[in-house]
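Asker: Predicted model and sequence follow; I will ask about them next.
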Amino acid sequence: MKANVGTVDKVVRIIAGLAIIGWGVVAGNWLGAIGIIPLATALMGFCPAYSLIGVNTCGTKK
């Protein structure tokens with residue numbers, strides 16, 4: 001797995017993941033668990049969907 005998630009993308013994913021989880025906790029809804037997905041992809045630095053469509057926001061040199 002080659003990194004394909006850049007720094008700004010990671011920050012946005014972490015904020016979105018925490019917001020979704022927070023909403024789930026406040027609303028008492030289990031759908032907040034979906035927030036784990038953006039958190040996991042941010043922490044791993046790899047997004048499987050990005051690799052499928054050929055997107056790379058990481059600033060690494062080829």
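Answerer: Yep, it's here.

Asker: hey, let's count contacts and neighbours off CA atoms from now on
Answerer: Fine.

Asker: quick one: pLDDT of the spatially most central residue of the chain?
Answerer: Among the residues of the chain, the one closest to the centroid is Pro38, at 2.6 Å (C-alpha atoms, centre = their mean). Predicted confidence (pLDDT) for Pro38: 96.

Asker: Okay, it and Gly22: tell me how far apart.
Answerer: Taking C-alpha to C-alpha, to the nearest Å as the measure, Pro38 and Gly22 are separated by 13 Å.

Asker: circling back to that earlier point, name the element the residue nearest to the centre of the chain belongs to?
Answerer: In this assignment (DSSP states H and E), Pro38 forms part of helix 36-44.

Asker: The helix or strand that that helix is followed by: how far from the chain's middle?
Answerer: Next helix or strand after helix 36-44 toward the C-terminus (DSSP H and E): helix 48-53. Averaging C-alpha positions (C-alpha atoms, centre = their mean, to the nearest Å) puts helix 48-53 12 Å from its chain's average.

Asker: circling back: who are the contact partners of the residue nearest to the centre of the chain?
Answerer: By C-alpha atoms under 8 Å, 6 or more residues apart in numbering, the contact set of Pro38 is 13-14, 16-17.

Asker: now swap in Ile20 and tell me
Answerer: Ile20 neighbours (C-alpha under 8 Å, 6+ apart): 32-35.
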